[in-house]
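Participant: return atomic coordinates for the entry below.
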Amino acid sequence: MTRASDTARLLGAGGTLANDVTISEGSPSIKLNDTDTSRFIDILYGTRNATFRNTMASGEDMDTVAPEIIFSTKDDGETREHFRMNKSEAVFNEGSVDLDFRVESNGNANMLFVDGGNDKIGIGLNSPGTSLHIRSSTASNIAGYRDGTTGLIVEGDAASYIQLVASKTNPMAILFDGGDTHNDTARGGLIYDIDTGLSIKSGGSTRWTINETGNLLPSATSLGVYLGVTSATASNLLDDYEEGTWTPVLTDGSTTLTLNIATGLYRKIGTVVHAEFYIQRNDSANNTGVMLIQGLPFAHTALPAVVGQVWIDNSSSDIRCMLYLPTNYQQLYFVKTGASSSYVSLNEFDNSRYQYAAFTYISQ
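Facilitator: Residues are numbered from 1 along each chain as shown. Next up, the predicted model:
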């Protein structure tokens, strides 16, 4: 079939293609090729061509082998494979060359961009700054991106978020694993569960949790905060805070006197205890023994000390004295100030009268 200098040439019999079929006009040509190992279509123009190929290994039956379609181009002698597809996969850039891949959406020319030369992926941009760079809009007023050690950049000119969503019965987490000898599924992480709150995991276990009401809770009472140091120094560990009430007991060490009011409060931060008490005597018995207050919430450390003051509010002849706490004791002595510096006896505290005291000491 001819027209002027154009020629269409079909070779074969009974509808079977036996040789090449070429449609040409001068230099450009379309070539259909059939060999024992491949069938392909070449679109040629000089030294350039695009190839659509179905290949197989030598000796295989072309009619029974699983098909594989390859699309490649040739430019001035350099052939690059772009895309291949078979029954199990579709692969872009199987030849691992400097070849970019780009997907354009209706509003973004770089909705998905694979930088073949630098091994990076961009979503929303064609110049990813790291292995995966997601951009909703170009961020202004930034100094630049971190070096190649960053695995993910999420960029936006307004607020940027990474959101994890799961059903309310399941936790969500960012997990970290250093690949050491521990068998835990993750060495560290941030884990959120609606029943417990946001937990911090370290060393393979959950250490701290911010619950749903905003309180910070340790996973064990031995955990605390090291203050003023950069390593775990025992003397710098703040691992306790407690507040509560205690019941002061008025005694001479063997006999307990009746009180109409016996109120005590305390605050404990670390090993430091601050306590107060307010009592009213309701016992007229004669007792010349040394006056003591027992029932302190914590035992004193191994050091005798004057720890506070008390006002004994009698009907007359009030007494203002110091509170003395011996080593390892949980009872206070009343020590008069001045030249005598003697202990106060129970008979020096009038019946139906009051004491007001505050003291601070170091617990064991």
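Participant: alpha carbons only for contacts and neighbour counts from here, please
Facilitator: Noted.
Participant: tell me the domain ranges of this structure?
Facilitator: Split into domains by automatic domain parsing, the chain comes to 2-92, 100-162, 172-224, 243-362.
Participant: so which of the ones you listed is the most packed in?
Facilitator: Among those, domain 243-362 has the highest mean neighbour count (mean count of other Cα atoms under 10 Å), at a mean of 17.
Participant: tabulate the domains of the chain in JSON lines, adding columns for mean pLDDT and distance to Thr233.
Facilitator: Shown next, in JSON lines, are those (pLDDT from 0 to 100; distance: least, Cα to Cα, whole Å):
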{"stretch": "domain 2-92", "mean pLDDT": "63", "distance to Thr233": "56"}
{"stretch": "domain 100-162", "mean pLDDT": "87", "distance to Thr233": "32"}
{"stretch": "domain 172-224", "mean pLDDT": "85", "distance to Thr233": "12"}
{"stretch": "domain 243-362", "mean pLDDT": "95", "distance to Thr233": "14"}
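Participant: would you mind giving those domains as CSV with distance to Ala232 added?
Facilitator: Shown next, in CSV, are the domains of the chain (distance: least, Cα to Cα, whole Å):
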stretch, distance to Ala232
domain 2-92, 52
domain 100-162, 29
domain 172-224, 10
domain 243-362, 16
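Participant: nearest to Ala234, of those?
Facilitator: domain 172-224 (10.4 Å; Cα to Cα).
Participant: can you get me the start-to-end distance on the closest one?
Facilitator: Its start and end residues considered, domain 172-224 measures 26 Å (Cα to Cα, to the nearest Å).
Participant: now do stretch 114-129
Facilitator: End-to-end distance of stretch 114-129 (Cα to Cα): 12 Å.
Participant: ok, Ile142 to Val225 distance?
Facilitator: Distance from Ile142 to Val225, by Cα to Cα: 34 Å.
Participant: what about the strands in the stretch 101-250 of the chain?
Facilitator: Under the criterion DSSP state E, counting those that start in this stretch, strands of the stretch 101-250 of the chain are mapped to 101-103, 112-115, 120-123, 132-135, 152-155, 172-176, 188-193, 197-202, 205-210, 216-218, 225-226, 237-238, 241-246, 249-251.
Participant: can you redo these as CSV with distance to Gln163?
Facilitator: Formatted as CSV, the strands of the stretch 101-250 of the chain follow (distance: least, Cα to Cα, whole Å):
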stretch, distance to Gln163
strand 101-103, 24
strand 112-115, 20
strand 120-123, 16
strand 132-135, 13
strand 152-155, 11
strand 172-176, 10
strand 188-193, 12
strand 197-202, 14
strand 205-210, 19
strand 216-218, 23
strand 225-226, 30
strand 237-238, 35
strand 241-246, 35
strand 249-251, 58
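Participant: roughly how far does the nearest residue to Thr256 once chain neighbours are set aside sit from Ala299?
Facilitator: Nearest residue to Thr256 in three dimensions, chain neighbours excluded: Leu250, at 5.9 Å (Cα to Cα, 6 or more residues apart in numbering). With the distance defined as Cα to Cα, Leu250 ends up 17 Å from Ala299.
Participant: who's in contact with Ala158?
Facilitator: Each residue near Ala158 by Cα atoms under 8 Å, 6 or more residues apart in numbering is listed here: Ala139.
Participant: ok, which of the domains of the chain comes nearest Leu237?
Facilitator: domain 172-224 (6.2 Å).
Participant: which stretches of the stretch 251-364 of the chain form strands?
Facilitator: For the stretch 251-364 of the chain, the strands defined by DSSP E, counting those that start in this stretch cover 259-269, 272-281, 292-294, 305-313, 319-325, 331-336, 354-362.
Participant: now those strands in CSV, please, with extra columns for distance to Leu216.
Facilitator: Shown next, in CSV, are the strands of the stretch 251-364 of the chain (distance: least, Cα to Cα, whole Å):
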stretch, distance to Leu216
strand 259-269, 16
strand 272-281, 21
strand 292-294, 34
strand 305-313, 32
strand 319-325, 35
strand 331-336, 35
strand 354-362, 26
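Participant: so which of these gets nearest Ser202?
Facilitator: Nearest to Ser202, of those and by Cα to Cα, is strand 259-269 at 25.5 Å.
Participant: partner strands of the closest one and their direction?
Facilitator: strand 241-246 (antiparallel), strand 272-281 (antiparallel) (DSSP bridges).
Participant: show me what it is in contact with.
Facilitator: Outside of strand 259-269, the residues that reach it under the criterion Cα under 8 Å, 6+ apart are 238, 240-250, 273-283, 297, 352.
Participant: and what of stretch 313-328?
Facilitator: Residues contacting stretch 313-328 (Cα under 8 Å, 6+ apart): 299-312, 331-337, 349-350, 353-356, 359, 364.
Participant: end to end on it, go ahead and measure it.
Facilitator: Start-to-end, stretch 313-328 (Cα to Cα) is 29 Å.
Participant: same check on stretch 314-334?
Facilitator: OK, stretch 314-334 end separation, Cα to Cα: 15 Å.
Participant: what does stretch 95-102 give?
Facilitator: The first residue of stretch 95-102 is 17 Å away from its last residue (Cα to Cα).
Participant: show the contacting residues for the closest residue to Ala90 other than its chain neighbours.
Facilitator: Once flanking residues are discounted, Ala90 sits nearest to Arg84: 5.8 Å by Cα to Cα, 6+ apart. For Arg84, the contact set (Cα under 8 Å, 6+ apart) comprises 68-71, 90-92, 94.
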